[in-house]
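**Q** Quick one, what's the 3D model for this:
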Amino acid sequence: MSQPLAIQFQTTDLEGLASAKGRIAVLADAGAPLSPGARRLDRLTKGALARAVASDAFAKLKPGEGMDLAYPAGIAADALHLLRLPKRCEVAQARKAGAAVGRAHGAGGTLVLAESHARAAEVAFGLAMRAYDFNAHKSGEKSTPGPVTMMVANAEAIARAAAPMAAVAEGVFFTRDLVNEPANILTTHDFAARLAAMQELGLHVEILEEDQLMKLGMRALLGVGQGSESPSKVVVMQWHGGPKDEAPFALVGKGVVFDTGGISIKPAGGMEDMTMDMGGAGVVAGVMRTLALRKAKANVVGLVGLVENMPDGRAQRPGDVVRSMKGDTIEVINTDAEGRLVLADVLWYAQERFKPTGMINLATLTGAIIVALGHENTGVFSNNDDLCNAFLKAAAAEGEGAWRMPMGDAYDAKLKSRVADIVNSCGRDAGAVTAAQFLARFVKPDMPWCHLDIAGTALLKSDSTLAPKGATGWGVMALDRLIRDKFER
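**A** Numbering: from 1, shown residues only. Model prediction:
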């Protein structure tokens with residue numbers, strides 16, 4: 001898997017600045033005194049750094065943005081990267097500054113002059129997150145990124161502060177790799193194997209095969225994958241970091257490794273992006289990896305339903321009726337509304353087996369949420385204000401866009417079926433809401449629950465602040481923060 005850059009923290013060495021190779025990134029602010037390291041660089045460059053910081057171009061930069069001085073005289077570095085970052089700045093601004101460094105980082109290496117800045121660890125996190133590059137399937141010689149060194153006033157303290165963030169970054173990278181993988185590589189077999197390999201981190205991992213799923217009554221999930229050569233699976237990942245007698249919190253993910261739409265086949269244009277329809281399962285996997293890496297003091301279980309939705313002679317048809325593990329019958333109106341069928345059974349199984357304190361499910365569930373919210377925010381649906389507000393607070397703290405959407409009994413009328421208990425698809429209007437209402441049928445009345453529709457945020461066609469175009473890993477940071485704030489003591 002892709003690994004975040006290893007960042008070395010060392011005490012500021014003023015004498016070593018002249019001979020530093022590659023790029024030097026300097027934190028400064030318009031109108032503020034230069035740091036000791038910046039003053040040293042300014043003397044070496046005969047005032048070039050101070051003139052740049054005093055320029056109109058630098059003053060127009062927003063906090064977290066930067067500008068380059070190419071091939072400055074007096075030092076060995078190829079460029080000075082000046083970042084506008086006030087001493088008192090927001091977390092998001094510090095991460096943005098780090099991301100600017102990570103975007104430009106190359107084979108020559110980078111030295112970040114952070115010194116006594118209070119947000120140095122967050123700068124390092126932003127750098128690591130933005131330096132991600134998925135090149136597993138590119139042929140030819142691959143360039144190896146150079147070393148990253150961060151000069152700080154107290155190297156040990158900053159390294160301690162950055163360690164949990166490094167675990168989060170690795171979890172995000174794991175999610176991004178999964179979402180970016182093509183479907184001929186990331187089959188249900190391969191996905192399950194990658195999750196099973198996390199046992200070496202201390203997770204307890206079980207893989208439930210089709211015969212076990214049939215015995216459990218997961219016919220809604222099995223119906224989705226019955227047209228594929230790749231067998232359907234449910235993977236259960238348990239992290240026991242809290243009290244032994246304490247019920248876990250549950251994370252549930254939709255893992256459709258490729259979605260053709262089935263018999264209700266999708267248009268050809270853009271179907272290649274349906275490799276990301278396992279994004280919910282990818283986020284759950286990334287969170288579980290993060291919890292294990294940082295030895296979280298909480299009990300959390302992650303469950304993912306892995307299927308492939310293909311049009312085959314055995315494939316599920318529009319008009320079929322399947323019985324869920326709960327016992328409800330579902331009329332399949334549209335085989336392209338398959339994710340909710342997968343989640344219905346896994347949600348019920350999670351409650352029956354683990355009796356969790358609460359549940360959050362994630363899924364690239366509807367195009368309707370993209371119409372409603374675009375690519376800036378994930379749609380949040382919930383039956384519990386406390387859990388929902390705690391998640392929204394965590395997402396805001398981590399800079400991951402999330403917006404609460406409405407639910408209500410009035411929408412349930414659209415779920416009624418002529419031949420079964422409910423239908424799986426209710427048409428275009430309020431499509432994201434009716435999908436959430438469908439899932440709510442498989443949540444027990446006293447179970448705190450959130451549904452996160454990440455169809456618009458899991459994969460982007462352009463760069464974002466902390467990620468290149470492609471998979472974002474949205475949700476790993478927010479869910480890790482939620483678990484830290486709400487469940488760890």
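**Q** Return the helix or strand in this protein with minimum mean pLDDT.
**A** When each helix and strand of the chain is scored by mean pLDDT, DSSP states H and E, strand 66-70 comes last, with a mean of 90.
**Q** Output the longest helix belonging to this protein.
**A** If you go by DSSP state H, the chain has its longest helix at helix 155-180.
**Q** which stretches of the stretch 151-300 of the chain form strands?
**A** In the stretch 151-300 of the chain, the strands defined using DSSP state E, counting those that start in this stretch lie at 204-208, 233-240, 249-259, 299-309.
**Q** Quick one: those strands as JSON lines, columns for mean neighbour count and mean pLDDT too.
**A** Quick note: C-beta positions are derived from backbone N, CA and C, even for glycine. Shown next, in JSON lines, are the strands of the stretch 151-300 of the chain (neighbours: other C-beta atoms under 10 Å; pLDDT from 0 to 100):
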{"stretch": "strand 204-208", "mean neighbour count": "16", "mean pLDDT": "98"}
{"stretch": "strand 233-240", "mean neighbour count": "23", "mean pLDDT": "98"}
{"stretch": "strand 249-259", "mean neighbour count": "29", "mean pLDDT": "98"}
{"stretch": "strand 299-309", "mean neighbour count": "28", "mean pLDDT": "99"}
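**Q** what about these, which gets the closest to N377?
**A** The closest approach between N377 and any of those, judged by C-beta to C-beta, belongs to strand 249-259 at 18.6 Å.
**Q** Which strands and helices lie in contact with the closest one?
**A** Here strand 249-259 touches helix 188-196, helix 279-293, strand 299-309, helix 339-354, strand 359-363, helix 476-487, going by 3 or more C-beta pairs under 8 Å, 6 or more residues apart in numbering; DSSP states H and E.
**Q** Show me what the longest one is packed against.
**A** If I follow you right, that is helix 339-354. For helix 339-354, the elements it packs on are helix 210-216, helix 219-225, strand 249-259, strand 299-309, strand 359-363, helix 431-440, judged by 3+ C-beta pairs under 8 Å, 6+ apart.
**Q** List every C-alpha atom in the last one, with coordinates, as PDB.
**A** In this case it means helix 431-440. What follows is helix 431-440, C-alpha atoms only, in PDB (Å, rounded to 0.1, in the frame of the first residue of the first chain):
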ATOM      1  CA  GLY A 431     -33.800  10.200  -4.000                       C
ATOM      2  CA  ALA A 432     -31.100  10.600  -1.300                       C
ATOM      3  CA  VAL A 433     -33.800  10.900   1.400                       C
ATOM      4  CA  THR A 434     -35.800   7.900   0.400                       C
ATOM      5  CA  ALA A 435     -32.600   5.800   0.200                       C
ATOM      6  CA  ALA A 436     -32.000   6.900   3.900                       C
ATOM      7  CA  GLN A 437     -35.600   6.100   4.800                       C
ATOM      8  CA  PHE A 438     -35.100   2.600   3.300                       C
ATOM      9  CA  LEU A 439     -32.000   2.000   5.500                       C
ATOM     10  CA  ALA A 440     -33.900   3.300   8.500                       C
END
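**Q** what does the average pLDDT come to for it?
**A** Helix 431-440 comes out with an average pLDDT of 98.
**Q** same for it, what does it pack against?
**A** Counting contacts by 3+ C-beta pairs under 8 Å, 6+ apart, helix 431-440 is packed against helix 339-354, helix 368-373, strand 378-382, strand 449-453.
**Q** the inter-axis angle of that helix versus strand 359-363?
**A** On the basis of axes from the mean of the first three to the mean of the last three C-alpha atoms, to 10 degrees, helix 431-440 is oriented at 140 degrees to strand 359-363.
**Q** Show me what counts as buried in helix 431-440.
**A** Using 16 or more other C-beta atoms under 10 Å as the test for burial, helix 431-440 gives G431, A432, V433, T434, A435, A436, Q437, F438, L439, A440.
**Q** Identify the residues contacting stretch 290-298?
**A** With C-beta atoms under 8 Å, 6 or more residues apart in numbering as the test, stretch 290-298 has contacts from 163-164, 167-168, 170-172, 198, 201-203, 239, 241-242, 249, 300, 476, 480, 483-484, 487-489.
**Q** For it, give the distance from the opening residue to the closing one.
**A** One end of stretch 290-298 to the other measures 12 Å (C-alpha to C-alpha, to the nearest Å).
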